[in-house]
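Undergrad: Structure for the following, please:
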Amino acid sequence: MAREGENPLNQSVQYLKGVGPARAEALKAVGVKTVSDLLYYVPRRYLDRSEIKPIADLEPGRVVTVLGKVVSTEIRRGRRERLSVVIKDKSGFLDLVWFSGIRYFQRIFRRGLLISASGMVNLYDTLQIVHPEYEILSDEEELDLVHTGRLVPLYPSTLDLKQARIDSRGLRRIIKLAVEIYAPSLIESLPEKVLRSCGLMPLAEAISQIHFPDDLRLAQRARERLAFEELFYLELMLAKSKKARQEKSPGISFSKPGNLVRSFLDRLDFVLTDSQKKVLRETFHDMSSPRPMHRLLQGDVGSGKTVVAMIVMLIAVENGYQAALMAPTEILAEQHYLSCYELLEELGVKVALFTGSLTGRARKSLLKEVEEGEIQIVVGTHTLIQEGVEFAKLGFVTIDEQHRFGVRQRARLKQKGHFPDVLVMTATPIPRSLALTLYGDLDISVIDQMPPGRGMIFTREFGEGNRVQAYDFLKSELDKGRQAYVVFPIIEESEKLELKAAVSYYEKLKEGKLSTYRLDLLHGRMKGSEKEEIMRRFREGETQALIATPVVEVGLDVPNATVMLIEHPERFGLSQLHQLRGRIGRGGHDSFCLLVSSEKKTPEAKERIKLISSTTDGFKISEYDMQMRGPGEFFGTRQHGLPELRYADLARDYGLVRKARERAFKLVEEDPEFTGKDNRTVKEIFESKYKDRLRLLRAG
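TA: Residues are numbered from 1 along each chain as shown. Now for the predicted structure:
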């Protein structure tokens, strides 16, 4: 029982009728310790047993709910013993049959009892339902039914619950009691103004309807209410984070672009797209503000994000600051370095590459140049955040493929300067709802336009039996003077996975199908200098076909490459397939992605290949990918700090996310400390929910 003065919602579930110590321990394993936890332990789905049928109208093969009086019970013996409980209503008789628990059911189903029963109708000698769900009623009243005659909640079941003998029926009874006693005393957790403006259900009603809904429409409204609440508090945290960062310390007010940027633009052999220009305007607007910039730049593969990054880093250099660009792999860092070096060195900008491969005197010398400010733009991997790497005046940070870095890694690079402006980039299109929750404290820019003059990209699947056709097509492109990638999922033989290994298949291609062409092999275990030389040969056309593992997913930009042949595409995720395909289509010629798949594919793999073959729209692909894998696994990692959402579904709840974000950011703007009369409960819940994060914010 609740101690005097204690909130009854915080008392242990142990003291609820029907629970006790053993069941309380089992419930603890599924995260239910208190009465409040139990109220928020929502159903995973519902069974519709709401329509009660007259027995005379029953048809075999239909799932129904009936209401009737017990007229007889009889144990019948034959090949298998069974209990027959006959019930009747005004229209006829129905046989309820049990093959197990016979003595128990014979004892409880006494003649004259009114019961409801649900299940599949079968026809043997008579109409019957085998092992129905049932509920015993009293005095012929159709009471508040729990197990039948309504939408029946089905809850997540675990081994712990089963071992504690908490079945669906038992759990429903426990929760029904908790809802009846405690839901009315729940304190509303959202401001009245928010409830009203968003048309949301009050909390007590939502808890009642989520467990025992009057109809499916109300069940959905209840779920939306609970989903909105968790999204609202998450967005409050993001709004508070953004406000704290902006007010904590003044950033750098960069002056407008000058001669250096103009000279850079004059050197380009192409004109920036309207989309790139829009993103540059948005970015410079932030850079000119005294508040530190934190902006996310999304752009599909090949959309021109790197050029935008170079321009804004040049603005920092013109203002007397250093800039750093951090990439997740040496290959990508090397590609960025070469691009920057080729375009910026002649402008007098000192660019350097700093990766784990740099050792000894060369490393020591570079560190000294960075610390003394001689190097103006440093491109590197996570080695940039190591101790001992000091900048003279770091004012701008670019983080590429940022989802591959943890929150702490990104923060450590920012700490190398004094509140530098930060631009994080990704070529993985992020679904809108995920972007608003994962990066809700960042301003977001999107490059949604590809550079002009690009050829079309066509994607086609080839079965195992058509491999020869796929390679014949690849050779026809090589014969035109084009180049190609051939990508494999692993580099070592594995009988278990039955996949061709890149290393061994490289030898086969070299001796067989592609013996007359110049080939190279690239994989992640090679030394940095070796990889750089292989990439150089491919870029400069010395190599015609590059046989590789997914290490080429990002970083290589070869306009003459028009074929991407992917072996066993069923082993790749959607986003990875899209990234690989993005290595081609960078020149003026049409390009071709050839998917050579195994005949043995899961239904999910078939769907992935079907989708990637039907569209090149990265955002459409990402939305589908998140639906299939869930937001926590969307990037293949859970290190972003995104909390697990119990009620919201980011794959379908964009409208709710947007609404929750608008209300949360508005509240933080109007009442940042939640001191208003209507916001006191919000303050208590928020500080309880995010106390550790708030401590970090207040500590700076």
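Undergrad: Give the pairing partners of the host helix or strand of residue 458; include direction for each.
TA: Using DSSP states H and E, residue 458 falls within strand 457-462. Using DSSP bridges, the strands paired with strand 457-462 are strand 591-596 (parallel).
Undergrad: export the strand it pairs with as PDB, just CAs?
TA: Provided in PDB are the C-alpha atoms of strand 591-596 (Å, rounded to 0.1, in the frame of the first residue of the first chain):
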ATOM      1  CA  SER A 591      25.000   5.200 -66.000                       C
ATOM      2  CA  PHE A 592      23.900   1.700 -65.000                       C
ATOM      3  CA  CYS A 593      23.600   0.000 -61.700                       C
ATOM      4  CA  LEU A 594      23.500  -3.800 -62.200                       C
ATOM      5  CA  LEU A 595      22.300  -5.900 -59.300                       C
ATOM      6  CA  VAL A 596      23.400  -9.600 -59.600                       C
END
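Undergrad: any idea which helix or strand comes after that strand?
TA: Immediately after strand 591-596, counting by DSSP H and E, sits helix 603-614.
Undergrad: Contacts for the helix or strand hosting residue 575 next, please.
TA: Secondary structure from DSSP H and E places residue 575 in helix 574-581. Residues outside helix 574-581 that contact it (Cβ atoms under 8 Å, 6 or more residues apart in numbering) are 301, 427-428, 457, 459, 485, 487, 550, 552-554, 564, 566, 569, 572, 593, 595, 608, 611-612, 616, 618, 621-622, 624-625, 628, 634-635. The way it works is simple: take the backbone N, C-alpha and C, and place the C-beta from them, glycine included.
Undergrad: Please repeat the previous calculation with a cut-off of 6 Å.
TA: 428, 487, 553, 564, 569, 593, 608, 612, 618, 621, 625 (Cβ atoms under 6 Å, 6 or more residues apart in numbering).
Undergrad: go on, stretch 314-323?
TA: 254-255, 257-258, 260-261, 264, 313, 349, 376-377, 391, 393-396.
Undergrad: Please produce a PyMOL select command covering the buried subset of the residues you listed.
TA: Here is the PyMOL selection string for the buried members of these, based on 16 or more other Cβ atoms under 10 Å:
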select buried, resi 254+257+260+261+264+313+349+376+377+391+394+395+396
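Undergrad: Closest one to residue 503 out of the contacts of stretch 314-323, please.
TA: Residue 503 has its nearest neighbour among those in residue 377, at 36.2 Å by Cβ to Cβ.
Undergrad: residues contacting the closest one?
TA: 313, 323, 351.
Undergrad: quick revisit: closest to residue 43 out of the contacts of stretch 314-323?
TA: residue 396 (50.2 Å).
Undergrad: gap between that closest one and residue 310?
TA: Here residue 396 is placed at a distance of 11 Å from residue 310 (Cβ to Cβ, to the nearest Å).
Undergrad: Make sure residue 323 is indeed in a helix.
TA: No - Residue 323: not assigned to a helix; according to DSSP: H, G, I helix; E, B strand; the rest coil it is strand.
Undergrad: okay, residue 273: pLDDT?
TA: Residue 273 is assigned a pLDDT of 92 by the prediction.
Undergrad: which SS class is the nearest residue to it once chain neighbours are set aside?
TA: Counting by Cβ to Cβ, 6 or more residues apart in numbering, residue 273 lies nearest to residue 449, which is 4.6 Å off, once chain neighbours are set aside. Using three-state DSSP, the structure places residue 449 in coil.
Undergrad: chain center to stretch 394-401: distance?
TA: 24 Å (Cα atoms, centre = their mean, to the nearest Å).
Undergrad: what angle do the strand holding residue 458 and helix 574-581 make?
TA: Per axes from the mean of the first three to the mean of the last three Cα atoms, to 10 degrees, the angle that strand 457-462 makes with helix 574-581 is 120 degrees.
Undergrad: related to what we said a few turns ago, among the contacts of helix 574-581, which are located in helices?
TA: 608, 612, 618, 621, 625 (DSSP state H).
Undergrad: what about the residue lying closest to the first one once chain neighbours are set aside, how many neighbours?
TA: In other words, residue 608. In space, and not counting its chain neighbours, residue 608 is closest to residue 574: 5.2 Å by Cβ to Cβ, 6+ apart. For residue 574, the count of nearby residues is 21 (other Cβ atoms under 10 Å).
Undergrad: Need the per-residue pLDDT for residue 574.
TA: 84.
Undergrad: and the gap between it and residue 654?
TA: Taken as Cβ to Cβ, the span from residue 574 to residue 654 is 19 Å.
Undergrad: go on, residue 377?
TA: Between residue 377 and residue 654 the distance is 37 Å, computed by Cβ to Cβ.
Undergrad: Just the buried positions in the lengthiest helix in the chain, please.
TA: When the chain is parsed with DSSP H, its longest helix is helix 216-248. Buried residues in helix 216-248, counting neighbours by 16+ other Cβ under 10 Å, are found at 218-219, 221-246.
Undergrad: now for that helix, which elements pack on it?
TA: helix 203-211, helix 654-670 (3 or more Cβ pairs under 6 Å, 6 or more residues apart in numbering; DSSP states H and E).
Undergrad: mean pLDDT lowest for which of these?
TA: helix 654-670 (a mean of 91).
Undergrad: after it comes which helix or strand?
TA: helix 680-689.
Undergrad: Direction-wise, compare that next one with helix 654-670 and give the angle.
TA: 100 degrees.
Undergrad: What are the contacting residues of helix 680-689?
TA: 189, 233, 236, 674.
Undergrad: could you redo the last one with a cut-off of 8 Å?
TA: Contacts of helix 680-689 (Cβ under 8 Å, 6+ apart): 187-191, 233, 236-237, 667, 673-675, 694.
Undergrad: mind exporting it as PDB, just the C-alpha atoms?
TA: Coordinates of each C-alpha in helix 680-689 appear next as PDB, following Å, rounded to 0.1, in the frame of the first residue of the first chain:
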ATOM      1  CA  ARG A 680       4.300  23.900 -13.500                       C
ATOM      2  CA  THR A 681       3.500  20.300 -14.100                       C
ATOM      3  CA  VAL A 682       5.500  20.500 -17.400                       C
ATOM      4  CA  LYS A 683       8.500  21.700 -15.400                       C
ATOM      5  CA  GLU A 684       8.300  18.800 -12.900                       C
ATOM      6  CA  ILE A 685       7.900  16.100 -15.600                       C
ATOM      7  CA  PHE A 686      10.600  17.700 -17.800                       C
ATOM      8  CA  GLU A 687      13.200  18.000 -15.000                       C
ATOM      9  CA  SER A 688      12.500  14.500 -13.800                       C
ATOM     10  CA  LYS A 689      12.800  13.100 -17.400                       C
END
